[in-house]
Each structure stands twice: as C-alpha cells, then as structure tokens.
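Chemist: Okay, predicted coordinates and the sequence, questions at the end:
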Amino acid sequence: KIKTDIHDNASGWNTAIAAARGELVCFLIDYCWVYPDWLRDHWEFYHRNPGWSMSGYFDRYQYPPMEEPPIENLFSMFEEWFTDEYAQKYFAANEPLYCERKGGAGIMQHDGKIEMPGEKIYLVNDSIPMKVLRKLNGLDELLNGTYGIIDVDVGIRANLAGHRFCLNPQSVIARFGMPGEKPIPGAKKKRTGTPEDAYRFVQDRAERIRRGEEPVAVPKNFGAFE
C-alpha cells in the first residue's frame with residue numbers, strides 16, 4: 001500500500017504509477033471488488049491486441065452495503081476478511097442499482113472491437129501500458145481536486161498518443177456504495193474552479209496537441225515521472 005494525501009487525487013495515482021515496475025498498469029479503488037481472473041484478463045487482452053488495453057463495466061451497489069460494516073466507513077478489497085467466498089455471498093444477495101457504461105456511453109465499433117473513447121474511461125477497471133503512461137508523464141496534477149476530469153484527461157491524451165481502450169462487457173467490478181458522490185472537502189484546485197472549467201481546459205489542450213502546438217505529456221513537475 002502507498003499512502004498519499006487524499007486531497008490530491010492525481011498525485012496519489014502518480015505516486016503509485018511511479019512506483020510500479022510492470023509493463024501494464026491496472027487501476028482500481030480500494031472499495032471495489034474484482035472477480036478472480038480480472039488481472040489475467042487485462043494482461044491477456046493487452047498481449048493479444050497491440051496498441052489496445054481493456055476497459056470494463058463498473059457496477060454500483062446500494063449503500064450501506066451491510067448493517068454492521070466490519071471496517072468503519074470503508075470497505076476495502078485489500079483487507080484479509082474480504083475473501084472471494086465472502087464477496088460472492090454478498091453480491092449474490094444484492095442487485096446493482098445500475099451498471100455504468102451501458103447504453104450509449106460513447107462506445108463505437110472499431111475493427112470488430114467495442115471501443116471506449118478516451119473521454120469515457122474512468123481509470124477504475126481500465127488498464128494502460130506503462131510505456132503509454134511514460135509518454136503522457138502520467139496524470140495531470142494541475143487538475144488535482146477537480147472531480148471527474150482527471151481520468152477524462154488521461155484517456156484523451158492516451159488516444160492522442162495512439163492508444164485505444166476496448167470495452168469488455170464481461171469485465172465487471174463491483175463497487176460498494178459510499179455515502180455521497182461529492183468532491184473531497186478541502187481538495188486543492190490548482191488549475192480550474194469547476195468541473196466545467198476543467199473539461200474546457202482538457203478539450204482546449206487536446207486541440208493544441210492535435211495541432212502540434214503542445215506535447216501529449218503534462219508539464220514537468222506535474223506528472224508521474226518528471
């Protein structure tokens with residue numbers, strides 16, 4: 001486990017990315033459960049499909065998940081009590097409220113694959129090759145504290161670097177519900193004031209990258225590697 005300042009979401013991801021030594025980076029959050037072959041499926045897809053990595057569904061469950069949670073305020077896939085047997089019993093008894101990325105979530109057909117455009121990735125249940133993350137200099141810490149934009153930004157820049165995300169309907173992670181879906185109080189907003197401001201910023205930057213006026217890598221000192 002790597003402990004980081006929870007207010008700085010991109011910095012937290014970058015700390016982990018910089019510490020990783022593998023060829024493929026798979027993203028998760030500690031209140032999500034994955035099926036036993038989840039990592040293997042990402043790895044095998046990546047090797048079968050050069051230039052692509054996998055993006056999966058993200059199921060959300062009602063909260064609180066249990067009347068007496070074993071850990072106060074947090075359910076973690078990394079705790080010893082959270083076994084596959086326990087998870088299977090829990091999820092068998094609870095129906096998901098909805099499954100994110102269903103319907104017209106920006107998916108398109110590409111060479112027989114179901115492509116998830118970069119704007120629609122969530123990082124959670126996505127994988128990105130380390131060589132692509134190095135091209136991008138990781139996530140943009142200028143966007144710290146801006147809810148829901150950091151993954152959009154890294155997905156767009158990964159697409160601009162020639163990478164693609166394939167939506168795999170069989171790759172489903174299950175998220176334990178947490179009370180509230182709001183930006184973390186006290187989060188440091190270094191670049192933009194609202195999610196709308198941030199979205200305009202990443203869209204404008206994408207246009208500059210397409211015109212060759214700016215690299216796909218985030219500025220020095222604001223990424224994972226430099």
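Modeler: Received the coordinates, thanks. Numbers count the residues shown, from 1 in each chain.

Chemist: So which bits of the lengthiest helix in the chain are buried?
Modeler: For the chain, the helix that runs over the most residues, judged by DSSP state H, is helix 195-210. Neighbour-count burial for helix 195-210, counted by 16 or more other Cβ atoms under 10 Å, picks out 198-199, 201-202, 205-206, 209. Just so you know, the C-beta spots here come from the backbone N, C-alpha and C atoms, and that holds for glycine as well.

Chemist: now do stretch 151-160
Modeler: Within stretch 151-160, the residues that count as buried by 16+ other Cβ under 10 Å are 151-160.

Chemist: Ok, stretch 22-42 next?
Modeler: Using 16+ other Cβ under 10 Å as the test for burial, stretch 22-42 gives 24-29, 31-35, 38, 41-42.

Chemist: Need the distance between the two termini of that stretch.
Modeler: 13 Å (Cα to Cα, to the nearest Å).

Chemist: Mind checking the pLDDT average for that stretch?
Modeler: For stretch 22-42, the mean pLDDT works out to 86.

Chemist: same question, stretch 158-176
Modeler: On average, stretch 158-176 scores 86.

Chemist: What is the longest helix of the chain packed up against?
Modeler: The elements that helix 195-210 packs onto, with contact taken as 3 or more Cβ pairs under 8 Å, 6 or more residues apart in numbering; DSSP states H and E, are helix 150-160.

Chemist: And the strands in this structure?
Modeler: For the chain, applying DSSP state E gives strands covering 24-26, 32-34, 52-60, 98-100, 108-110, 113-115, 127-129, 164-175.

Chemist: Columns distance to Asn144 on top of those strands, output as JSON lines?
Modeler: Converted to JSON lines, the strands of the chain look like this (distance: least, Cβ to Cβ, whole Å):
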{"stretch": "strand 24-26", "distance to Asn144": "19"}
{"stretch": "strand 32-34", "distance to Asn144": "22"}
{"stretch": "strand 52-60", "distance to Asn144": "22"}
{"stretch": "strand 98-100", "distance to Asn144": "23"}
{"stretch": "strand 108-110", "distance to Asn144": "31"}
{"stretch": "strand 113-115", "distance to Asn144": "29"}
{"stretch": "strand 127-129", "distance to Asn144": "19"}
{"stretch": "strand 164-175", "distance to Asn144": "22"}
